[in-house]
Structure formats: C-alpha cells, structure tokens
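Student: The following comprises the amino acid sequence and a computationally predicted model.
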Amino acid sequence: MYHKTIKPFPKDFLWGASTSAYQVEGAWNEDGKGPSVMDMGNHPKNTADFKVTSDHYHHYKEDIALLAEMGFKVYRFSIAWTRIFPNGTGEVNQNGIEFYNNLINELLAHNIEPIITMYHFDLPQALQLKGGWSNRETIDAFENYGRTLFINYGDRVKYWLTINEQNMMILHGSALGIVASDGESIQKKLYQQNHHMLLAQAKVMKLCHKMCPNAKIGPAPNISSIYPASSKPEDVLAANNWSSIRNWLYLDMAVLGRYNTVAWSFMEEKGCTPTIESGDMESLSGAKPDFIAFNYYCTATVAESENDATDKSSTGDQQIVLGEPGIYRGAINSNLSKTEFGWDIDPVGFRLTLRELNERYNLPLLVTENGLGAFDKLEEGNVVNDDYRIDFLRKHIEQAQLAITDGVKLIGYCPWSAIDLVSTHQGFQKRYGFVYVNRDEFDLKDLGRIRKKSFYWYKNVISTNGGEL
Ligand code: BG6
C-alpha cells in the first residue's frame with residue numbers, strides 16, 4: 001500500500017537498544033554470581049567465551065553515559081538470574097541485587113527507562129543439573145525469581161519482558177549454546193520444556209500485575225513472517241505450517257491462552273505433545289500480556305516438504321532455515337540480499353511482520369531486537385565507518401514508520417545491540433553495536449569504548465524522533 005501521507009512516530013516513542021547479561025556483562029564469577037548454562041563452555045572453541053565479554057559489569061556507568069549521549073529513552077537489558085540467585089533458588093545474593101539497583105538508578109538518573117528481560121538464555125547451571133526446564137520445579141524457581149525482581153525493582157521499572165526467544169531455544173537450542181540432551185526423544189523433551197516455560201511465563205505475568213499494577217509485562221519471542229517459495233498451494237501450506245510452529249505456538253499461548261491447532265497437530269504427528277497437568281490450562285489462560293515484544297532479524301522462505309530422507313532439520317543457526325521432515329523445507333529467496341553472516345536482509349518483511357502481529361493480537365508492539373552483525377573495522381583515528389549498519393537500520397525504521405501509518409500500534413524500537421558484545425555462537429568478530437568495544441576474539445586489549453559512525457546517526461534519528469533518517 002502506498003500512503004500519500006506518512007504518519008510521524010508517536011511523541012513518546014521508545015527509542016533505545018538492547019543487550020543481554022551473559023553477552024555483555026562479563027564478571028562471570030564475581031561478587032557471588034553463580035554459574036549459568038552459558039558459563040559452562042558450550043560455545044564454539046574458536047570464539048570468545050562469556051567470561052569477560054564487554055566487561056559492562058565494570059563499565060556500566062561509562063556505557064550508560066554513552067547511551068544517554070545518544071538520547072536513549074529506554075534501554076533493554078537482561079538480569080542474570082545467577083547474580084540474584086547463584087543456585088537458581090534459595091539464598092538471594094545481595095551483591096547481585098545491588099548491581100542492578102545501581103544500574104537502574106544510573107539509567108533513571110539519565111532519564112532512560114529500563115526495559116528488563118528476566119531471562120535471556122542463561123538458566124542457572126544448578127537448575128540445569130536438576131533437569132532444567134524438564135523439571136517442573138524450575139517453574140516455581142522462575143516465579144520465585146520473578147517475585148524477587150518485582151520486590152526489589154518494581155518501584156522503578158515499568159517494562160518487563162519474561163523470556164527472550166523461547167521459540168529459538170526450543171527450535172535452535174544448540175545454536176544458542178543450550179545443550180539439548182540426547183537422542184530420539186529429544187523433541188518430546190523440548191516440547192515438554194516449552195510447556196513448562198509457557199507456564200512459568202504465565203505465572204510471572206500474573207504476579208507482575210498483582211505486585212506492580214503500574215508496570216507492563218510481555219513475552220519476547222523472535223517473530224518473522226514466512227514466505228512460500230512459490231504460489232504453489234503446497235508451498236503456501238508449508239509456510240503456514242512453519243509460521244504456526246515457529247511463531248503462533250508461542251504467542252497464541254501467551255496472548256490467547258491456548259495451543260495453536262496446527263502446532264498441536266505437528267506435535268501429535270511427531271509424538272511430542274506435552275503432558276498437561278490439571279490446572280495448567282487455567283494458569284495459561286489466566287494470564288495476559290500488556291504488549292508483545294519481539295525480535296526481528298529477517299523473514300524465512302519455505303517450500304513443500306519432500307517427505308523423504310532429503311528433508312533436513314534446522315539446528316545450526318537461529319535464522320537459517322533448513323526444514324522439518326514432513327512439514328516444510330527451507331528455500332532460497334532470490335529477492336533478498338544477505339548479511340556477511342548469511343542472514344537474509346528484508347526490511348519490507350519487517351513491515352509485514354508488524355502488520356501480522358497487529359492483526360492477529362491487537363496489542364501494542366515493542367521491537368526488542370533488530371540489527372546487522374558485521375565484521376566492523378577500527379580504522380586510523382579511532383573511527384568505525386559502519387555505513388552498512390546505518391543503511392540496514394534506516395531501511396528497517398522506514399518500514400516501521402510505514403507500519404505505523406498502516407495502523408500498527410508500535411510503541412518502541414530497540415535494535416541489537418547498544419554496544420558491541422559477544423554473539424551467541426559467532427564470537428566477538430560479529431559486531432552489532434553503536435559503540436565499538438576495543439577487544440578481539442581472544443585479546444582483551446583495553447576494552448575501550450569508541451563511538452561508531454552509526455552512533456552519531458542514531459543520535460540524530462532519536463533527537464528528530466525519526467524525522468531524519
Ligand atoms: C537473538 C538473541 O537470537 O539474536 C541475541 O536474542 C543474539 O542474544 C541476537 O545475540 C543475534 O544473534 P547472534 O547469533 O548473531 O548473536
């Protein structure tokens with residue numbers, strides 16, 4: 001649709017950017033922090049580990065000053081569960097409580113609203129050893145952790161996100177360094193874990209509304225429109241399959257409190273429907289989010305499954321689609337270019353995804369990740385000319401504005417990432433930030449902070465409220 005007049009971004013639009021604790025903080029075993037699954041060395045051996053990362057733990061004041069300089073209205077970060085509860089449950093670590101108190105206060109002192117992700121891939125290792133999300137006790141541990149966050153930070157934090165990319169943890173756990181466990185029954189285990197995470201999410205949403213009536217809470221999956229490889233009805237059906245399994249399974253439950261029917265029939269077909277205990281469905285339908293936060297990097301394109309040995313299952317990368325035997329298979333979209341890391345670039349697909357979410361759920365939307373991973377180069381004179389990143393973000397923000405003009409209730413945009421950090425499985429060489437962190441894959445150098453060209457560009461975008469892109 002071509003619009004004669006493009007609507008401006010709303011006056012109170014939440015401009016900012018995102019990070020996650022295990023990818024940015026470092027200080028992996030300091031001040032009483034317990035180990036998380038991310039600290040257990042599951043990352044590829046030729047990439048940086050998560051021990052020091054960007055050392056934000058020791059640089060947070062300097063980092064927040066930089067975010068303030070860009071004019072951030074919000075900053076989305078995650079709390080490391082293991083700083084609060086070193087063993088996932090039990091005794092609270094006061095040093096951890098204090099660190100996030102300081103971080104939140106520092107943000108507020110700079111007029112930046114915190115948006116907190118409660119759990120971003122870094123499950124406490126102590127819980128993992130007791131079965132992780134396969135164990136229903138983890139649901140209670142998460143609720144207890146949530147309660148502790150609301151008690152300590154609920155007086156100042158208005159925006160909460162429950163679980164980052166639960167769908168990617170289930171579909172691509174190994175790409176995210178999450179150990180999947182063994183053999184044949186793996187899908188069965190995963191969808192049981194999924195059920196438990198959905199319950200945990202429902203419980204904390206309910207608790208948040210009870211304990212912090214002025215706060216808002218929502219899920220934060222990775223959502224993208226899915227294209228059929230052709231107009232062949234079987235390809236269109238395959239796209240519908242993948243969308244139900246990848247997207248709607250998660251959001252239909254979070255928002256509508258029910259299992260998506262196509263996703264359920266997929267689980268039946270694969271023999272991996274979860275065991276649902278009495279009271280579970282009431283808990284799931286009794287909680288409602290206030291908004292939907294979602295991460296968008298690119299669309300996916302799929303074709304009809306061949307339903308034979310040539311169908312492959314996706315695993316290796318969270319944005320590269322291979323397929324699911326009997327359900328769909330990944331296809332190449334020749335209309336799209338790719339990033340240096342092989343991810344499709346699709347700004348128009350961003351508008352489509354926003355529209356689909358708006359039409360399906362009619363809730364405010366918050367973009368909590370979107371961005372370009374690239375091999376940035378620090379040039380002479382300490383400059384980083386990341387014009388490719390500016391181009392990527394500009395095109396996506398343009399499409400976000402068109403989506404607003406289409407009627408989508410978009411409340412904010414937080415690209416990935418505020419500053420450079422360690423990628424999930426491709427190390428420090430894959431950078432996303434507005435701020436360059438001076439270290440290499442294994443050489444920590446001085447960890448200095450250097451403003452990239454995109455820093456100055458984004459600052460102007462924010463100060464003109466998206467008027468100048
Ligand atoms: C999302 C995650 O999958 O994408 C982030 O929420 C992640 O944690 C981001 O870093 C980019 O992915 P990657 O693999 O390039 O780090």
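Tutor: Received, thanks. Numbering: from 1, shown residues only.

Student: Name the nearest residue to the residue of the stretch 1-150 of the chain found nearest the ligand, ignoring sequence neighbours.
Tutor: In the stretch 1-150 of the chain, no residue comes nearer to the ligand than residue 20, which is 5.1 Å away by CB to the nearest ligand atom. (C-beta placed from N, C-alpha, C; glycine too.) Distances taken as CB to CB, 6 or more residues apart in numbering place residue 120 nearest to residue 20, at 3.9 Å, with adjacent residues excluded.

Student: if I look at the one you found, how far off is residue 39?
Tutor: Using CB to CB, to the nearest Å, we find residue 120 at a distance of 14 Å from residue 39.

Student: residues in contact with residue 11?
Tutor: By CB atoms under 8 Å, 6 or more residues apart in numbering, the contact set of residue 11 is residue 465.

Student: what helix or strand does it sit in?
Tutor: When elements are assigned from DSSP states H and E, residue 11 belongs to no helix and no strand.

Student: What of residue 217?
Tutor: Using DSSP H and E, residue 217 falls within strand 216-220.

Student: for that strand, what is the average pLDDT?
Tutor: Computed over strand 216-220, the mean pLDDT rounds to 98.

Student: partners of it, with directions?
Tutor: The strands that strand 216-220 pairs with in its sheet are strand 159-164 (parallel) (by DSSP bridges).

Student: does any part of the strand it pairs with sit near the ligand?
Tutor: Yes: for strand 159-164, a contact with the ligand is found by CB under 6 Å from any ligand atom, at residue 164.

Student: For that strand, give me every contacting residue.
Tutor: Counting by CB under 8 Å, 6+ apart, strand 159-164 makes contact with 20, 74, 76, 78, 113-121, 149, 197, 200-201, 204-205, 208, 212, 215-220, 293, 295, 366, 368, all of which sit outside it.

Student: From the ligand, how far out is the nearest residue to residue 320 once chain neighbours are set aside?
Tutor: The shortest distance from residue 320 to any non-neighbouring residue, by CB to CB, 6+ apart, is to residue 342 (6.1 Å). Distance, residue 342 to the ligand, by CB to the nearest ligand atom, to the nearest Å: 11 Å.

Student: Can you list which of the contacts of strand 159-164 are found in strands?
Tutor: Members of those lying in strands (criterion: DSSP state E): 74, 76, 78, 113-119, 216-220, 293, 295, 366, 368.

Student: picking up where we left off before, surely the residue nearest to residue 20 is in contact with residue 18?
Tutor: No: shown here, residue 120 and residue 18 do not form a contact pair, counting by CB atoms under 8 Å, at 9.4 Å.

Student: Settle it for me: which of the two has more neighbours?
Tutor: Counted by other CB atoms under 10 Å, residue 120 and residue 18 do not tie: residue 18 has more neighbours, with 30 against 24.

Student: surely residue 232 meets residue 304?
Tutor: Yes: the pair residue 232 / residue 304 is scored as a contact, 7.0 Å apart, by CB under 8 Å.

Student: neighbour count winner among the two?
Tutor: residue 304 (21 against 12).

Student: what sits against the residue of the stretch 1-150 of the chain closest to the ligand?
Tutor: By CB under 8 Å, 6+ apart, the contact set of residue 20 is 77-78, 117, 120-122, 164, 421.

Student: Next, work out how far apart it and residue 232 are.
Tutor: Going from residue 20 to residue 232 by CB to CB gives 40 Å.

Student: which residues touch the helix or strand bottoming out on mean pLDDT in the chain?
Tutor: Sorted by mean pLDDT, DSSP states H and E, the helices and strands of the chain end with strand 323-324, the least confident at a mean of 86. Identification of contacts with strand 323-324 by CB under 8 Å, 6+ apart yields 241-242, 245, 302, 305, 311-314, 329-330.

Student: in its sheet, what does that strand sit against?
Tutor: Under the criterion DSSP bridges, strand 323-324 sits next to strand 328-330 (antiparallel) in its sheet.

Student: quick one: average pLDDT of the next helix or strand after the strand it pairs with?
Tutor: Sequence-wise, the next helix or strand downstream of strand 328-330 (DSSP H and E) is strand 337-338. On average, the pLDDT along strand 337-338 is 96.

Student: From the contact counts, what lies against strand 337-338?
Tutor: Using 3 or more CB pairs under 8 Å, 6 or more residues apart in numbering; DSSP states H and E as the contact test, the elements touching strand 337-338 are strand 344-345.

Student: mind checking how far the strand it packs on is from the chain centre?
Tutor: Here strand 344-345 is found 18 Å from its chain centre; the criterion is CA atoms, centre = their mean, to the nearest Å.

Student: Show me what it is packed against.
Tutor: Looks like strand 344-345 contacts strand 337-338 (3+ CB pairs under 8 Å, 6+ apart).

Student: which ones are touching the closest residue to the ligand within the stretch 301-450 of the chain?
Tutor: The ligand sits closest to residue 423 of the stretch 301-450 of the chain, with a gap of 3.1 Å, by CB to the nearest ligand atom. If you count contacts by CB under 8 Å, 6+ apart, residue 423 has them with 23, 47, 373, 430, 432.

Student: same check, this time on residue 281
Tutor: Here residue 281 is in contact with 257-258 (criterion: CB under 8 Å, 6+ apart).

Student: give me the element it is part of.
Tutor: Taking DSSP H and E as the definition, residue 281 sits inside helix 280-285.

Student: What average pLDDT does that helix get?
Tutor: Helix 280-285 comes out with an average pLDDT of 98.

Student: sorry, back to before: okay, the residue nearest to residue 320: pLDDT?
Tutor: pLDDT, read off for residue 342, is 94.

Student: same thing with residue 179?
Tutor: For residue 179, the model assigns a pLDDT of 67.
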